[in-house]
Every structure is written in structure tokens, then in C-alpha cells.
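Participant: give me a 3D structure for the following:
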Amino acid sequence: MKKLSVFLILYFAGMLVSVAQVNIYNPNANAAQDLEKAVAEANRQGKHVLVQIGGNWCPWCVKLHQLFTTDSSVAAVIDKSYVVVKINYSKENKNLEILNKLDKPQRFGFPVLVILNGNGQRIHTQDSGLLESGDGYDLKKVTGFLKNWTPDAIK
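Facilitator: Model prediction:
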């Protein structure tokens, strides 16, 4: 029992350290400006905007970001159909003005994903908890979600 307790303490301490060291979300970023640029770029390229909202403090935010950037099949769908913008939510900067404009997606917890069309209109908000399986994200669910909201899928 003592070995299990030590293992669990070390495991969770390691998770906290790894989360504390990430720099995915920038609390100092101008979220309104970043979102405006992403919408303009999506419009120019005929893509949608994938708004990824979370914080560096959030282990599930880190897991989702890692899946988006390290799984080649997920990255390919994102690259083909989306312009990604990350919006920080933390004690330093909650970006509530932008979140209010996006219809308060934080009500689903974090991370939360919002899909905008190339004109900046919100077309979907995704509770990322529905994409989970066990202690991570389900590749099939994530890929299905991303494919279901591409510009080609909703023509």
C-alpha cells in the first residue's frame, strides 16, 4: 500500500509539473485581435476557425493540444479545413468579453472548442468532455467532430 501511495504522489506531482511548464495559451495575448486575424485568414482560405479555449493550468487542455499537434490524421484535418486560434482562460486573463461574444462557451468547462465560419459567425460549440475516453481523448470521436464541422461537411 505504501508503494502505491508513493507512486500516486509521484505520478500526480509529475502531471502538475508537466502542466505548469506548458505555454500553449498566452494570458497576455490580445484575444480579440487574434480572433479577428483568424477569421480574416479563414475567409481568405475558405476555411473555418477552430477556437481552442483553455489554459496552461488545465491538464485536459494540454492533452487535447498534444493530440491536435502530434497525431498526423488529426493535424491533417485541422490543417486542411481550419485556422486555429487559442484563447486563454486563467486567473490572469479570463477573456470574458470575447467569451461573451462567443455565447459563453466556458459553461461547458475546459477545454472548449468553438467553430466559426469564415465570416466569424459561431456555428458550433463543442464540449470536449464528449470527446474523451478513459484518461485521454478518443481519436475517432475527435476526428469525427473535426470532419463534421469542416466547410465541405456543412455546405
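Participant: where does residue 41 sit: helix, strand or coil?
Facilitator: helix (DSSP: H, G, I helix; E, B strand; the rest coil).
Participant: neighbours around the residue nearest to it when sequence neighbours are not counted, how many?
Facilitator: Once flanking residues are discounted, residue 41 sits nearest to residue 83: 4.8 Å by Cβ to Cβ, 6 or more residues apart in numbering. Every C-beta, even on glycine, is put in place using the N, C-alpha and C of the backbone. Residue 83 has 22 neighbouring residues, counting by other Cβ atoms under 10 Å.
Participant: report the contact partners of the most centrally placed residue in the chain.
Facilitator: Here the mean C-alpha position of the chain is nearest to the C-alpha of residue 52 (Cα atoms, centre = their mean), at a distance of 3.1 Å. Taking Cβ atoms under 8 Å, 6 or more residues apart in numbering as the criterion, residue 52 is in contact with 64-65, 68, 84-87, 111, 113.
Participant: next helix or strand past the strand or helix carrying residue 68?
Facilitator: Using DSSP states H and E, residue 68 maps to helix 59-70. The element immediately downstream of helix 59-70 (helix or strand, assigned by DSSP H and E) is helix 72-81.
Participant: now do that next one: everything it contacts.
Facilitator: Contacts to helix 72-81, defined as Cβ under 8 Å, 6+ apart, come from residues 47-48, 50, 67-69, 84, 139, 142-143, 146-147, 150-152.
Participant: just those now: which is nearest residue 128?
Facilitator: residue 142 (8.7 Å; Cβ to Cβ).
Participant: give me the three-state assignment for that closest one.
Facilitator: Recorded secondary structure, residue 142: helix (three-state DSSP).
Participant: can you tell me how far residue 39 is from residue 91?
Facilitator: Separation of residue 39 from residue 91 (Cβ to Cβ, to the nearest Å): 27 Å.
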